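Chemist: all I have is the shape, not the residue letters:
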């Protein structure tokens, strides 16, 4: 699902084309104080995002044979018009992403332990929308998001410039996985935030999530996954079965630096998801 999107057609691969009323706050300026190397030197752009999504969608995370990963990567590089010389860099990136612990409190779980039968890739969702206005969405975030890192995000939603819409919300979640009877959503991000792992710390990720409106995207995904599980999982409850979500900024993940870099984790309050479901989803 590459390219741009509007609020009613939720795309992916690192771009949201929501229009915000200008403010005096500028987004992260690229750090060019050193020559990029490794994954930080890999080309930027929408084609890169699509390539990395495709590789991770096709990849068997539990596969231990390095030649399998190398063959998949080089074939995809050629398919998307990249030079084969990037193979080792992408394979190293994949190894890092799959080997870092991602669930707080469980150091043993990594994506490399996730079998294919416990994951769904590119999970499509589609639901009818009530009339949606920026002010109403912002108010819900103010009331129910709690005292967390969202801070001024409700006000930023209210500054969005789109007319009230009513129709259908359609999109795809990059991946949903199950672990110990809890369900998690994952979104892969190829964004370039700097030339070092340290440029992908939690403060930088939180800023990127807000500035690019990925927080809004994530909550819409959470609403969709909540509805999906409610319809398909007997005895479903948000508190017991919804584990949260991960936005994984692929360039910034390094197990040697710890799970605090490159991985944005969030689990919205049950109250916020319930209110978003009530106020966004039309039961026609």
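Modeler: In hand now; what should we look at? These figures come from a predicted structure and were not determined experimentally.
Chemist: tell me the buried residues in the helix or strand containing residue 273?
Modeler: Using DSSP states H and E, residue 273 falls within helix 270-280. Buried positions in helix 270-280, judged by neighbour count with 16 or more other Cβ atoms under 10 Å: 272-273, 275-277, 280. Backbone N, C-alpha and C define where each C-beta goes, glycine included.
Chemist: try stretch 116-127
Modeler: By neighbour count on 16+ other Cβ under 10 Å, the buried set for stretch 116-127 is 119-121, 123, 125, 127.
Chemist: can you list the weak-confidence ranges in this structure?
Modeler: Scanning the chain for pLDDT under 70 picks out 1-33, 146-151, 161-165, 284.
Chemist: so which residue is dead centre in the protein?
Modeler: Most central in the chain under Cα atoms, centre = their mean is residue 187, positioned 2.6 Å from the mean C-alpha point.
Chemist: got a list of what that residue touches?
Modeler: 12, 173-175, 214, 217-218, 221, 245-248 (Cβ atoms under 8 Å, 6 or more residues apart in numbering).
Chemist: just confirm residue 125 is within a strand.
Modeler: Yes - membership of residue 125 in a strand is supported by DSSP: H, G, I helix; E, B strand; the rest coil.
Chemist: from residue 228, how far out is it?
Modeler: 6 Å (Cβ to Cβ, to the nearest Å).
Chemist: and what of residue 120?
Modeler: On the measure of Cβ to Cβ, residue 120 and residue 228 end up 9 Å apart.
Chemist: ok, then the element right after the lengthiest strand in the chain?
Modeler: Determined from DSSP state E, the single longest strand within the chain is strand 168-179. Using DSSP H and E, the helix or strand that follows strand 168-179 towards the C-terminus is strand 182-189.
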